[in-house]
Every structure is written in structure tokens, then in C-alpha cells.
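J.: Got a predicted structure plus its sequence, pasted below:
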Amino acid sequence: MQQAHLLNDLPVVTLADGAIVELGELWAGETRRLLLKLTIPAVAALGLAQVATLELRYVTVPDFTEEVVTLPSSFNVVSADVAAGRLPDPAVTSEVLFLTAQTAKRDAERALRDGDVKTAAMMYRAAASALQAELAYGDNDELRSEAELLASLGAQALGGDASRVAKFSTSDRHYKSTKRGCGWTA
């Protein structure tokens, strides 16, 4: 059985044969990143295998016409020897780390709202440490800044200003989750 997990913090409605992810408003020329983690059962044959179909439904304005774009999602099944030589895509790795940090913020915010400052501080510090560990493999200013922010939020939460930390963290996470990956193409 194939399973999918959306890493982006977006509203999802689960259906019997898939899911609906609400992207919100899209503008012409806008680029969005959507990260799905798929658990795929073993595949016996080598070669190209389709694992999902992504369907983008939208309404154009001003005429309010519904449009549908269907995108097959495939991967190439290769031998273990070939797979061993493959390197992860740095852009995807960066996006996973960034979204994981935003999830850690959300979880820490919940702990702060529940009055569990120690757990929240631990979550912030753990997320910062995870980012720092990954940065050892390559420099990324955005992720380095995010790691520093997470470490600072953990220290501030323990410093007695948990309410302010929770509010700032929520605002920062919301802004970054909705603005990252929404660049405009020239």
C-alpha cells in the first residue's frame, strides 16, 4: 500500500483514492513548491514506474473557467549498484530541512501554549541541532539563519518570555510557510 505525507503546512482533505491539498491563490508566473513524501512498495522490475498522479484544478479569472492539469509522477527503478552512486538533490534536501524546522516550530508553539516550556525549548534546540548537523555537509545561509533562530527561540523560551516566543514563532512560521517557494518567474 502506498502512503503519502505532505511536508508543507497546508490544509488537506483525505479521500478514498487520494487527497485534496488547498494551495490558496495562485498568480500567473508564480512558482510553488509542494513536497510529498511517498512510501512506495517494492517494485520488481527495473525501469520507469508511475507512482502517483497529481492533478491541479484551478479557476481562471475573470471568466471563471475551471482548468485541470494532470501530472504523472514517476521514478526510475535502478539496480542497487546504480542507486549507490546517486546523490540527493540539494534543493530537495534543503526544502525538507526547512519544512521540518517549520514543523518543529509548530510543535514547540503547542507545547508553549500548553505551558510546557522545557519541552518547547528542547524542541527548538533539537531542530536547531539537526539543521546545524546538516550544514556540516554544505553551506546554506537560509538554513544557517533558521538554525540560529531556532536556538535563540529555545533560549528565550527558557528565559521566561514564553508567550512572546510563541507569538513570534507562530508569526515567523506562518510567514515562511506561505512565502517560501512562492517566487515569481521573470
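T.: Happy to help now that I have it.
J.: on contacts alone, who are the packing partners of the longest helix along the chain?
T.: The longest helix of the chain (DSSP state H) is helix 90-113. For helix 90-113, the packing partners by 3 or more CB pairs under 8 Å, 6 or more residues apart in numbering; DSSP states H and E come out as helix 117-135, helix 141-158, helix 162-179. The way it works is simple: take the backbone N, C-alpha and C, and place the C-beta from them, glycine included.
J.: got the angle for that helix vs helix 162-179?
T.: Orientation of helix 90-113 against helix 162-179 (axes from the mean of the first three to the mean of the last three CA atoms, to 10 degrees) gives an angle of 150 degrees.
J.: how does the chain divide into domains?
T.: For the chain, automatic domain parsing gives the domain ranges 3-84, 90-179.
J.: returning to that earlier point: between the helices and strands packed on helix 90-113, which one is nearest to residue 64?
T.: Closest approach to residue 64 among the helices and strands packed on helix 90-113 is made by helix 162-179 (24.4 Å; CB to CB).
J.: buried ones in that closest one?
T.: Buried residues in helix 162-179, counting neighbours by 16 or more other CB atoms under 10 Å, are found at 162, 165-166, 168-169, 173, 176-177.
J.: Likewise for stretch 99-119?
T.: Of all the residues in stretch 99-119, those buried under the rule 16+ other CB under 10 Å are 99, 101-106, 108-109, 111-112, 116-117, 119.
J.: Kindly reformat those as TSV containing distance to residue 31.
T.: Formatted as TSV, those follow (distance: CB to CB, whole Å):
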residue	distance to residue 31
99	16
101	21
102	18
103	22
104	25
105	24
106	24
108	29
109	28
111	34
112	33
116	38
117	38
119	36
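J.: hang on, the earlier thing: out of the helices and strands packed on helix 90-113, the one nearest residue 9 is which?
T.: Closest of the helices and strands packed on helix 90-113 to residue 9 is helix 162-179, at 4.7 Å (criterion: CB to CB).
J.: Residue ranges in the chain under the pLDDT threshold?
T.: 1-2, 178-186 (pLDDT under 70).
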